[in-house]
Structure formats: C-alpha cells, structure tokens
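Here you go, sequence then predicted model.
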Amino acid sequence: MAEAPGAQAGSGTLQLVSRRTHLKELALKNLFLLCAGVAVAGVVLIFAFVGVRGWPIFAEVGPWAFLAGREWNPTAGLYGILPLIYGSVVVMLGALVIGTPLAVGTAIFLSEIATPRVRSIVRPAVELLAGIPSVIYGFFGLIILRPIVADVTGGLGFGAVTAWLILAIMIVPTIAAISEDALRSIPPGIREASYAMGATQWQTIYKVLVPAAKIGIIDAIILGMGRAIGETMAVLMVVGNAPVFPESVSEPIATLTTQIVMDMPYAAGEHRTALFGMGIILFLVSMGLVALVRLMSRFQTAMESGR
C-alpha cells in the first residue's frame with residue numbers, strides 16, 4: 001500500500017505541516033506583528049514629538065491663559081487660543097448639522113431603496129468625494145460658494161457659513177459609508193418581520209432599521225466630527241482667517257488648524273511653541289473621538305451579548 005503524502009517514513013505518524021511551511025508562517029506572523037508595531041510606534045512618536053515641542057507653552061504662558069485667553073497676538077506676546085477653539089467648534093458643528101442628514105439619507109438610499117443599477121452609479125460618486133483633494137474643495141468654495149454667500153449675507157462671503165457648506169460635502173463619504181455598513185449589518189429577518197407586521201418600507205426604515213443601526217450611525221457621525229475639525233486647506237481658503245470672536249457666522253474667523261498653517265512658516269521661539277501646543281490640543285481631540293467610537297462599539301457588543 002502506497003504511503004500517504006506527508007507521512008514520515010518509518011514513524012507511523014502523519015506530518016501535517018512541513019518545517020519549511022512552519023517557518024514561512026512564523027515569518028509572516030512576525031512581519032504582520034512588525035507592521036502593527038510600526039503603526040503604534042508612529043502614533044507614539046508623533047505624539048511625543050508634538051508634546052515635547054508644545055508642552056513648554058503651558059509652563060511659560062500657563063494652561064488657563066493659553067486655553068482660555070481671548071486674544072491671539074504673538075507679536076504682543078498674547079497666545080490665547082479660545083477664539084481659535086471657538087472657530088473650530090463652530091465650523092465643525094455647522095458642518096455636522098448640514099452634512100449628517102445628507103450623509104445618513106444617502107446611506108439609507110444606497111442600503112434600502114436604490115436598485116442595483118442606481119447603486120452602481122451613486123456609490124462610486126459618493127466614494128469619489130473622498131478622493132478629491134481638499135484644495136479642490138477650497139477652490140470650489142472660494143470661487144463658487146463665496147460669492148453666493150456674500151450676496152445672501154451682504155458680507156465678503158468669508159466665514160463659517162462657507163466653511164459649513166464645504167465641510168458638509170467633505171464629511172458625506174465618511175458618514176455615509178459607515179452608516180451604510182451599519183444598516184447592511186442588520187439581519188434580513190428584522191426587515192422581514194417588520195413587513196410581515198404590515199409596516200411600509202418607510203416605516204420599516206425609520207422605526208426599525210435606523211434605531212437598530214443607531215450605534216453604528218453615531219460612530220460614523222463621531223468620525224465625521226474628527227474629519228471636520230481636522231480639515232485645514234479647504235477651510236483655510238474660505239473662513240477669512242481672523243483669530244477673533246465674530247459677531248455673526250458670516251464674518252471671518254479662524255480655526256486651530258488654519259492658524260497653524262498660517263503662522264508656521266515664519267513662527268519662531270515662543271510663537272512656534274504655541275503652535276505645537278495647538279497641535280497637542282488637536283491630537284487630544286482626535287484621540288478622544290477615536291476612544292469614544294471604541295467605547296460605543298464595546299457598548300453595542302455588550303448589549304448584543306446580553307440579549
């Protein structure tokens with residue numbers, strides 16, 4: 001009788017994996033571990049670099065004077081970033097108010113309503129929005145939207161309103177993609193049960209599917225917040241870059257990211273340190289948003305396992 005492939009001669013045992021295959025798998029395992037380690041090390045090194053460069057501003061100026069100061073004037077030694085924090089929050093919230101319904105509506109349409117043919121056209125178009133360089137969005141806002149906003153508000157068109165419109169478009173791909181995945185992850189039996197109870201398609205969507213996918217949709221919105229608050233080039237071209245508290249949303253403002261880009265080429269000494277301090281704030285905000293998404297995902301998993 002012929003010996004089975006892989007059997008060791010004279011030992012009567014079956015060798016399932018050759019030594020060469022075992023070594024290859026071990027090498028791949030270590031390679032993947034190295035890739036993961038590089039990612040973690042990159043985050044740690046970036047945070048350490050920004051932290052070392054920016055931390056002295058908290059000691060020199062004081063945390064309260066830096067974070068709650070109402071005037072940014074490096075020439076006079078004033079490094080209050082409260083107007084910049086205010087500008088970042090206003091721009092982010094306005095973009096979310098406009099962009100979230102648009103993105104969630106797009107996700108619902110692609111997941112529940114669109115035919116395969118229509119979906120094959122709409123989804124690539126939405127995905128293409130994520131691939132457009134931010135400077136192109138800035139050109140669009142500067143040349144097309146700014147004059148329209150100026151005619152409506154009576155100002156120059158620079159300010160939060162124009163930034164809202166641009167960022168609302170920019171965050172649509174992020175929120176729509178994750179929201180669609182959350183909707184598609186709902187078991188088909190839930191839809192069938194709703195229809196069996198006599199619910200219409202619209203009733204099934206807003207009374208059953210959206211509540212069932214709310215954690216995933218909230219995750220998408222939080223990641224959209226990170227996208228909005230971290231955007232630089234497009235916002236830089238349309239907000240007017242005035243580090244003050246505006247009297248209305250149609251007046252020029254500045255954000256943390258735009259002020260860093262504006263000042264970094266010529267900043268030196270304490271001024272440069274203050275810009276790195278703003279980088280620390282942005283880094284902590286981004287970390288907080290990611291941590292919030294992770295906590296909500298764990299909460300959803302715990303709820304599902306407890307059912």
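Arrived safely, thanks for sending. Numbers count the residues shown, from 1 in each chain.

any low-confidence regions in the stretch 1-150 of the chain?
Within the stretch 1-150 of the chain, the segments meeting pLDDT under 70 span 1-17.

the helices in it, which residues?
19-54, 56-60, 63-68, 82-108, 116-131, 134-140, 146-153 (DSSP state H, counting those that start in this stretch).

contact partners of the shortest one?
The reference is to helix 56-60. The list of residues contacting helix 56-60 from outside it, by CB atoms under 8 Å, 6 or more residues apart in numbering, reads 66, 79, 270, 273-274, 276-277. Bear in mind the C-beta positions are built from the backbone N, C-alpha and C, glycine included.

Narrow those to those that are buried.
66, 79, 273-274, 276-277 (16 or more other CB atoms under 10 Å).

Export those to a markdown table and append columns for distance to L45.
Compiled in a markdown table, the buried ones among the contacts of helix 56-60 are given as follows (distance: CB to CB, whole Å):
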| residue | distance to L45 |
| --- | --- |
| F66 | 24 |
| Y79 | 26 |
| T273 | 19 |
| A274 | 22 |
| F276 | 15 |
| G277 | 18 |
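
between those, which is nearest M225?
G277 (21.5 Å; CB to CB).

give me the element the closest one is part of.
helix 270-305 (DSSP states H and E).

where's the closest residue to V208 other than its chain neighbours relative to I113, distance?
Leaving aside its sequence neighbours, V208 sits nearest to S194 (CB to CB, 6 or more residues apart in numbering; 4.7 Å). To I113, S194 is 15 Å away according to CB to CB, to the nearest Å.

Between the two, which has more neighbouring residues?
With neighbours defined as other CB atoms under 10 Å, S194 and I113 compare such that S194 has more, 18 against 13.

isn't there a helix covering that one?
Yes - assigned with DSSP: H, G, I helix; E, B strand; the rest coil, S194 falls within a helix.

which residues sit in contact with it?
Counted by CB under 8 Å, 6+ apart, S194 has contacts 203-204, 207-208.

which residues in the stretch 151-300 of the chain form helices?
According to DSSP H, counting those that start in this stretch, the helices that the stretch 151-300 of the chain contains are 160-184, 188-196, 201-204, 210-212, 214-230, 233-236, 256-263, 270-305.

Take those helices and write them to JSON lines, including mean pLDDT and distance to I85.
JSON lines is the format used below for the helices of the stretch 151-300 of the chain (pLDDT from 0 to 100; distance: least, CB to CB, whole Å):
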{"stretch": "helix 160-184", "mean pLDDT": "93", "distance to I85": "14"}
{"stretch": "helix 188-196", "mean pLDDT": "89", "distance to I85": "42"}
{"stretch": "helix 201-204", "mean pLDDT": "90", "distance to I85": "41"}
{"stretch": "helix 210-212", "mean pLDDT": "90", "distance to I85": "33"}
{"stretch": "helix 214-230", "mean pLDDT": "89", "distance to I85": "10"}
{"stretch": "helix 233-236", "mean pLDDT": "91", "distance to I85": "14"}
{"stretch": "helix 256-263", "mean pLDDT": "92", "distance to I85": "7"}
{"stretch": "helix 270-305", "mean pLDDT": "84", "distance to I85": "7"}
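
what's the closest of the ones you listed to G94?
Across the helices of the stretch 151-300 of the chain (criterion: CB to CB), the nearest stretch is helix 160-184, sitting at 3.7 Å.

Okay, buried residues for that closest one please.
160-180, 182-183.
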